[in-house]
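>>> here you go, sequence then predicted model.
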Amino acid sequence: MKKPGRPSRISIPQQLVALLTTEFPAAARVCDLFDEFLQQRTYNEAFCLKLMAVARQRAGVRWDIRRLAVLMLEHQILKLPPENVKDFDFVLTQLNLKQTSDNSRLISSLLKEGYSTTDLRQFIPEFRRKLGRLDRVHHKINGNKTSVSAIRDFVELSRQHCKLTLARYLFTPKEVVAEILAQAQVSDGLIDIAADPNLGADNAFSSTNFFITGGIHPVQASIYNDELPIIQRAINRYVRQSNMVNGEEV
């Protein structure tokens, strides 16, 4: 009987299968993806479209697989020589960085990302240089001869959102925030009013400037000037960690 989660038929080495089975819960799908990925010696348009579809698929695809698809896509694009304007035009259009294929201008928001131009031909070298910052990992990929350590490095890199150049074009900000919050450990926490020396210092309760006679309840001024700012800061910290972004649930 076939073990659950194990790939049914693959051509990648068994030691890579063993690694991927350890690293991913959905091992069968990851092995199939790597099987196809390692067969690509040159740029493959159909495979790139498949990777984009996997990366964008919000339902039925695990987040770790979507990130892996992004890095595989970057690897594929790096196989394109800079003079291949036609294929770069196609890729950039599919990434929604160009409105149509019949003009030579890319979207202006790319200038805010640090690119110096929106002219297609001048943009391509800058784009490739940005993707090429991870060449130390990409260069180790060598088809079915790729070592286990190289695949491990590739997998680890795919888990670092900030290093995936194309992630911002394939993931929505809303789902990125949701994923970060899902991984974060958030506790209710406590507000330490006694940390304020006006209210928490030794014998502070005896001062009628801060406490009502009897030393139990603070005076109104203490509530406004000491307690409320502490509570507001705690609320602000919680909101920044909660599932609310710009007033919308994520």
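Nice, I can see it.
>>> could you chop this structure up by domain?
14-171, 193-249 (automatic domain parsing).
>>> make a markdown table out of those and add mean neighbour count, distance to A182 and mean pLDDT.
Yep, even glycine has a C-beta here, placed from its N, CA and C like the rest. A markdown table is the format used below for the domains of the chain (neighbours: other Cβ atoms under 10 Å; distance: least, Cβ to Cβ, whole Å; pLDDT from 0 to 100):
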| stretch | mean neighbour count | distance to A182 | mean pLDDT |
| --- | --- | --- | --- |
| domain 14-171 | 16 | 8 | 93 |
| domain 193-249 | 13 | 9 | 64 |
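>>> how close does S104 sit to D64?
37 Å (Cβ to Cβ, to the nearest Å).
>>> what's the answer for N209, then?
57 Å.
>>> swap in I77?
Taking Cβ to Cβ, one finds I77 at 21 Å from D64.
>>> quick one: end-to-end distance for stretch 117-136.
Start and end residues of stretch 117-136 are separated by 27 Å (Cα to Cα, to the nearest Å).
>>> repeat that for stretch 127-145.
OK, stretch 127-145 end separation, Cα to Cα: 28 Å.
>>> hmm, who's touching that stretch?
11-13, 38-39, 41, 71, 74-75, 77-78, 80, 82, 88, 92, 115, 146-147, 149-150, 153-154, 157, 163, 165-166 (Cβ atoms under 8 Å, 6 or more residues apart in numbering).
>>> rerun at 7 Å
11-13, 38, 41, 74-75, 77-78, 82, 146, 150, 153-154, 157, 163, 165 (Cβ atoms under 7 Å, 6 or more residues apart in numbering).
>>> those strands in this structure, which residues are they?
Using DSSP state E, the strands found in the chain span residues 244-245, 248-249.
>>> residues in contact with the spatially most central residue of the chain?
Using Cα atoms, centre = their mean, the residue of the chain that lies closest to the mean C-alpha position is H161, 3.2 Å off. By Cβ under 7 Å, 6+ apart, the contact set of H161 is 167, 176.
>>> and it, how close does it get to F88?
Counting by Cβ to Cβ - H161 and F88 are separated by 24 Å.
>>> got the contact list for L78?
128, 131-132, 138.
>>> again, 6 Å this time
131, 138 (Cβ atoms under 6 Å, 6 or more residues apart in numbering).
>>> how far off centre is stretch 142-161?
18 Å (Cα atoms, centre = their mean, to the nearest Å).
>>> and it, end to end?
End-to-end for stretch 142-161, by Cα to Cα: 24 Å.
>>> repeat that for stretch 135-149.
15 Å.
>>> look up how far R29 lies from the closest residue to L166 other than its chain neighbours.
Sequence neighbours aside, V70 is the residue nearest to L166 in space, at 5.3 Å (criterion: Cβ to Cβ, 6 or more residues apart in numbering). Taking Cβ to Cβ as the measure, V70 falls 15 Å from R29.
>>> do Y115 as well
34 Å.
>>> follow-up on the earlier one: could I get the domains of the chain as CSV with distance to A178?
Listed next are the domains of the chain as CSV, based on distance: least, Cβ to Cβ, whole Å:
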stretch, distance to A178
domain 14-171, 10
domain 193-249, 7
